[in-house]
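**Q** the sequence and its predicted three-dimensional model are supplied below.
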Amino acid sequence: MIRGMTGFGTSSFSYKGKRYVVNIRSVNHKFLDFVINLPDGLFSLEAKIKKELSKCLNRGRITFQLLSFEPYGNEPVLNKQLLSKYFNLIKNISRSLKIKQDIGLRDIIDLPEVIYFKRSDEYSDRKFLSLFNRALHKSLGDLSSLRKKEGEAICLDLLRRTQKINQKLKLIKRRLISIIEGQKTRLSNEELKDFLKNYNIEEEIVRLDFHVKIFKKTIIQKGPLGKILDFITQEIQREINTLSAKFRDSKVSYDSVIIKDEIEKIREQLQNVE
């Protein structure tokens, strides 16, 4: 069964007084594309996260976000060695350029990395990684469930549209038979042969029938089907274009326009299919 590409999943866990939230969001995209947002100290997990997401997702733009919430924040740390280097550098510049040194402690403290926040080493703990993996898979499961539900809704819409195409094809077949029978009564054998040679659209109708049947069979299979279904739809579109150009009849043209309209709507809908 086809799956959509829109979904969202979220889960949370607590560890050592901190609360973590895993959010995964997916939207339409031609390929599988990742946007990973992680707290400092967890960038090493990016490859693992992409690997886990790739096991379940084949197409779409996937945004993964891990948020951490701490009741009091990380402990601030003064980098005394760097502070001393900044101070000595400023003194040397002042002497060299003979500029009056007019800088206070606040000015030095505001310089990059003089004060930083102590990073926790808990990200490497097995317990933390276990809780994180559980939250990741919970969020991924929720997201996949929504993509599946979207796929079910899209599937019903596509089947309804292919049914409408089938109905119009039947009308075109009947119209073709009616016209041929009418020509038999007023054309000579040679004239009828020329007519059938120039206006016979039976081959196009057979191929249209075939491609529509393949489309309906493919739509209920497993796996990423969006690109396959789009290819089949292109073949249906090509055949109906040939048919309508080859056989100029007002009723056939009308039914062909409706089929083309349904095909266009199907192709638009397939942009939402994994």
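**A** Thanks, I have it.

**Q** what kind of secondary structure is the residue nearest to C155 when sequence neighbours are not counted in?
**A** Spatial nearest neighbour of C155, excluding adjacent residues (C-beta to C-beta, 6 or more residues apart in numbering): I2 at 5.4 Å. Placement of C-beta: from N, CA and C, glycine included. When classified by DSSP: H, G, I helix; E, B strand; the rest coil, I2 comes out as coil.

**Q** then K30?
**A** With three-state DSSP as the criterion, K30 reads coil.

**Q** which phi and psi values does the closest residue in space to it that isn't next to it in sequence adopt?
**A** Closest residue to K30 apart from its sequence neighbours, by C-beta to C-beta, 6+ apart: R59 at 7.5 Å. For R59, the backbone dihedrals are phi -160, psi 150 (criterion: degrees, to the nearest 10).

**Q** follow-up on the earlier one: can you give me the neighbour number for the residue nearest to C155?
**A** 26 (other C-beta atoms under 10 Å).

**Q** ok, the one 4 residues further on next?
**A** In terms of burial, T6 registers 16 neighbours under the definition other C-beta under 10 Å.

**Q** could you measure from it over to D107?
**A** 50 Å (C-beta to C-beta, to the nearest Å).

**Q** would you map the helices across the stretch 151-274 of the chain?
**A** Ranges of helices in the stretch 151-274 of the chain, per DSSP state H, counting those that start in this stretch, are 189-199, 202-218, 226-246, 250-270.

**Q** the second one: which residues count as buried?
**A** Spelled out, that is helix 202-218. E204, I205, R207, L208, D209, H211, V212, F215 (16 or more other C-beta atoms under 10 Å).

**Q** domains of this structure?
**A** Domains of the chain are assigned by automatic domain parsing as 7-72+124-146, 76-117, 150-270.

**Q** so who does I49 touch?
**A** Residues in contact with I49 (C-beta atoms under 8 Å, 6 or more residues apart in numbering) are I36, F64, L136.

**Q** so which of those residues is the closest to R248?
**A** Nearest to R248 out of those is F64 (C-beta to C-beta; 55.1 Å).

**Q** what angle sits between the helix or strand hosting that closest one and helix 226-246?
**A** Element membership of F64 [criterion: DSSP states H and E] is strand 60-69. Put simply, strand 60-69 runs at 150 degrees to helix 226-246, going by axes from the mean of the first three to the mean of the last three C-alpha atoms, to 10 degrees.

**Q** which one of the helices of the stretch 151-274 of the chain has the most crowded surroundings?
**A** The highest mean neighbour count among those, using mean count of other C-beta atoms under 10 Å, belongs to helix 226-246: a mean of 18.

**Q** and that one, what does it pack against?
**A** Counting contacts by 3 or more C-beta pairs under 8 Å, 6 or more residues apart in numbering; DSSP states H and E, helix 226-246 packs against helix 126-186, helix 202-218, helix 250-270.

**Q** those helices: which one's closest to Q234?
**A** That would be, of the helices and strands packed on helix 226-246 and by C-beta to C-beta, helix 250-270, which comes in at 7.9 Å.

**Q** just how off-centre is the closest one within its chain?
**A** Using C-alpha atoms, centre = their mean, to the nearest Å, the mean C-alpha position of helix 250-270 is found 26 Å from that of the whole chain.
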